[in-house]
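Peer 1: Need a 3D model of the following:
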Amino acid sequence: MNKTLALVPSRIGWALMLGLAVTTTGPAASAAILLNDSFADGSRGETNLPNESAVWLSHVADAAVSPGSLAFTQDGGSKKLWTHFAADGSEVDLAVGDKLVATVDFTPRGGLYANTSRSFRFGLFNDPTDGQLMSDTNSDNGGGLWTDSNGYAVLIALNSDGAGGTGAQVGKRTGTGSLLGSTGVYTTSSGGSPIVNALDTQYTLSLELERAAADVMNVSFSIADAGGVISSHSTTDDPNGAATLGAGPIATTFEQLFFRFSNNTTTADVIDINRIQIEHIAAIPEPATAAIALLGAAALLRRRS
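Peer 2: Residues are numbered from 1 along each chain as shown. Got it, this is the predicted structure:
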């Protein structure tokens, strides 16, 4: 029996199976959980990525941590908290097609008010020139460290008035100074349904950044309760196109999640954070990439036969 002929069916079969695998299943997305902290140990002080990351506060005496809860009491002044989901020097750099998704579960407690001021603010950032600030301190600019931080933020109003409320603002940091204390250092886009909240109801915030091209970033926000999404807003940061978020370059590198609450009457008496998750979803290769791999395998088979 001709050994070459005997090998041909198996080679053809192997090639067919490879082609079937590529065309039917395709390459899988690479999703990595960078942080998933539910405060299960009742502590905020340890970093053990991806299971937990230390949370730093502006007002330590106003925070209470218990399993599943970091409850931050608000009053007449602003308060901040932040955490780092990547080690200093190992920041997340989004390639074209990559996504970075921040998901936060929180519950307003104590008191909730009729309000249209977007004073509940959070965002994803990176400081390109300074090391991470890993200590409790009351500063809107990290003692000067965050002056040149880059990133994107969401500004919303927690609101109890069903007849009032306002949608979200999504913005890119285009100035310097306070990280989230001033809207003047942001170029923003507004939209979404008016947000109405209820006490002791858990909400899920989502901020998704998708690098759609080398100089294009899609920015999407949503807030949901147990019944589903109650408001959402998306925009595209395209400095060379519509420039909705300004003509400056897009931000592509991230390592910090930061929150700022202006006061209790424009947020809630207590902001109870129940879970923080940061996920990096790598790009799925284009179909053409898989086709090239298949053609290469077929060519190799022909040479060997």
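Peer 1: Would you map the helices across the stretch 151-300 of the chain?
Peer 2: With DSSP state H, counting those that start in this stretch as the criterion, the stretch 151-300 of the chain has helices at 287-304.
Peer 1: Run through it and note the low-pLDDT ranges.
Peer 2: Scanning the stretch 151-300 of the chain for pLDDT under 70 picks out 286-300.
Peer 1: now with 50?
Peer 2: Residues of the stretch 151-300 of the chain meeting the criterion pLDDT under 50: 290, 294, 300.
Peer 1: ok, now the stretch 1-150 of the chain?
Peer 2: By pLDDT under 50, the weakly predicted segments of the stretch 1-150 of the chain are 1-27.
Peer 1: Let's see that with 70 instead.
Peer 2: For the stretch 1-150 of the chain, applying pLDDT under 70 flags the ranges 1-29.
Peer 1: can you pull out the strands in it?
Peer 2: 31-37, 55-57, 63-66, 69-73, 79-84, 92-93, 99-109, 120-126, 150-156 (DSSP state E, counting those that start in this stretch).
Peer 1: Who does the second one pair with, and is each partner parallel or antiparallel?
Peer 2: This means strand 55-57. As defined by DSSP bridges, the strand partners of strand 55-57 come to strand 79-84 (antiparallel).
Peer 1: for the longest one, same thing?
Peer 2: For strand 99-109, sheet partners with direction are given as strand 203-213 (antiparallel), strand 270-281 (antiparallel), following DSSP bridges.
Peer 1: what does it contact?
Peer 2: The list of residues contacting strand 99-109 from outside it, by C-beta atoms under 8 Å, 6 or more residues apart in numbering, reads 71, 92, 94, 122, 124, 158, 197-211, 254, 257, 267-281. (Glycine included, C-beta is placed from N, CA and C.)
Peer 1: Let me know the angle separating it from strand 31-37.
Peer 2: Counting by axes from the mean of the first three to the mean of the last three C-alpha atoms, to 10 degrees, strand 99-109 lies at 20 degrees to strand 31-37.
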